[in-house]
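Q: Coordinates only, no sequence provided:
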């Protein structure tokens, strides 16, 4: 456990790294005693800083939601980060890669909540009842840690490496599609670069959203009506380069595009 002053110092460091686009060395290498609670508190310090500057929380994302990623990171549960309104990117507006350090994209089935979720008692049934629609999504991720050399506490402190998000136009009600069987294909500049299926996310993305609702409740946060939730990627993360044009297509759920200038 780190002293409050050290947590504040690291939050300041990460905020500066994002603003100035100059990465910092891994936190865990310099502060071996940092734990998951420290990391979430550091994340919250920077979210609160942005809220004071006028930002608005519009949802949350789940990271490390595939078994392969959990095994690679040596953890047995996902992590989470906040989605802010000013992080939204758009299908018809190319993203300026110079605003990021080492951007990557992930393909996700987004959840749009039509009702508040319970907190620590949230179940998968609660998630399905509260979800008004699924939407095709691409998450833009980035790391303020040097060369993506991250441990679990590094990525948590860094808002779960989140940097942006875009939803496609299509909306499908939960009762009209099997959330565990949505195939996803990602092309970059017309070439297929990644393929996956929605059940790569803990076997069922609904499990990830229920976990998220319970987890954030321990930090006094709730998932609310209107929130967007990104439960984790159907495919591996793909580097984004200037000029890249990504198209993610989902069976029964439409598509979403993200371009980089």
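A: Thanks, I have it. Here the structure is a predicted model, which is why all the values come from computation and not from measurement.
Q: just so I have it, where are all the helices in the stretch 51-200 of the chain?
A: 67-73, 124-130, 152-157 (DSSP state H, counting those that start in this stretch).
Q: just those: most buried one?
A: Ranked by mean neighbour count, the helices of the stretch 51-200 of the chain are led by helix 152-157 with a mean of 25 (mean count of other C-beta atoms under 10 Å). Every residue, glycine included, has its C-beta placed from N, CA and C.
Q: Beta-bridge partners for the most centrally placed residue in the chain, please?
A: Centroid check for the chain by C-alpha atoms, centre = their mean gives residue 61 as the closest residue, at 3.5 Å. When bridges are called by DSSP bridges, residue 61 pairs up with residue 81, residue 230.
Q: residues contacting it?
A: 80-83, 139, 160, 162, 165, 229-230 (C-beta atoms under 8 Å, 6 or more residues apart in numbering).
Q: Tell me which two of these sit farthest apart.
A: Taking C-beta to C-beta as the measure, these span a maximum distance of 13.7 Å, between 80 and 165.
Q: Which strands or helices does the helix or strand hosting residue 48 pack on?
A: Secondary structure from DSSP states H and E places residue 48 in helix 36-52. Contact analysis of helix 36-52 by 3 or more C-beta pairs under 8 Å, 6 or more residues apart in numbering; DSSP states H and E lists helix 4-20, strand 79-84, helix 152-157 as its packing neighbours.
Q: hey, which of those is tucked in deepest?
A: Highest mean neighbour count among the helices and strands packed on helix 36-52 (mean count of other C-beta under 10 Å): helix 152-157, with a mean of 25.
Q: same for that helix, what does it pack against?
A: helix 4-20, helix 27-30, helix 36-52, strand 79-84.
Q: export the ones you listed to CSV and tack on distance to residue 254 and mean pLDDT?
A: Output for the helices and strands packed on helix 152-157, formatted as CSV (distance: least, C-beta to C-beta, whole Å; pLDDT from 0 to 100):
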stretch, distance to residue 254, mean pLDDT
helix 4-20, 31, 97
helix 27-30, 39, 94
helix 36-52, 30, 96
strand 79-84, 20, 96
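Q: Generate a markdown table for the ones you listed, with distance to residue 133 as supplementary columns.
A: A markdown table is the format used below for the helices and strands packed on helix 152-157 (distance: least, C-beta to C-beta, whole Å):
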| stretch | distance to residue 133 |
| --- | --- |
| helix 4-20 | 31 |
| helix 27-30 | 37 |
| helix 36-52 | 26 |
| strand 79-84 | 16 |
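Q: need the contact list for the closest residue to residue 84 other than its chain neighbours.
A: The spatial neighbour of residue 84 that comes closest, neighbours along the chain excluded (C-beta to C-beta, 6 or more residues apart in numbering), is residue 55 at 4.7 Å. Contacts of residue 55 were listed using C-beta under 8 Å, 6+ apart, and they are 84-86.
Q: okay, the helices and strands packed on helix 36-52 in a markdown table with distance to residue 214 next?
A: Shown next, in a markdown table, are the helices and strands packed on helix 36-52 (distance: least, C-beta to C-beta, whole Å):
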| stretch | distance to residue 214 |
| --- | --- |
| helix 4-20 | 24 |
| strand 79-84 | 11 |
| helix 152-157 | 16 |
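Q: For residue 239, which of these is the nearest?
A: helix 152-157 (16.8 Å).
Q: neighbouring contacts of that closest one?
A: With C-beta under 8 Å, 6+ apart, helix 152-157 has contacts from 10-11, 14, 26-28, 34-36, 38-40, 42-43, 63-64, 73-75, 79, 81, 143, 145, 161.
Q: Repeat the analysis, applying 7 Å as the threshold.
A: The contact list for helix 152-157, computed with C-beta atoms under 7 Å, 6 or more residues apart in numbering, reads 10, 14, 26-28, 34-36, 38-40, 42-43, 63, 73, 75, 79, 145, 161.
Q: Check stretch 26-44 too.
A: With C-beta under 7 Å, 6+ apart as the test, stretch 26-44 has contacts from 1-2, 6-7, 10-11, 81, 145-146, 149-154, 156-157, 159, 219.
Q: how big is the angle separating the helix holding residue 48 from strand 79-84?
A: Relative orientation of helix 36-52 versus strand 79-84 (axes from the mean of the first three to the mean of the last three C-alpha atoms, to 10 degrees): 0 degrees.
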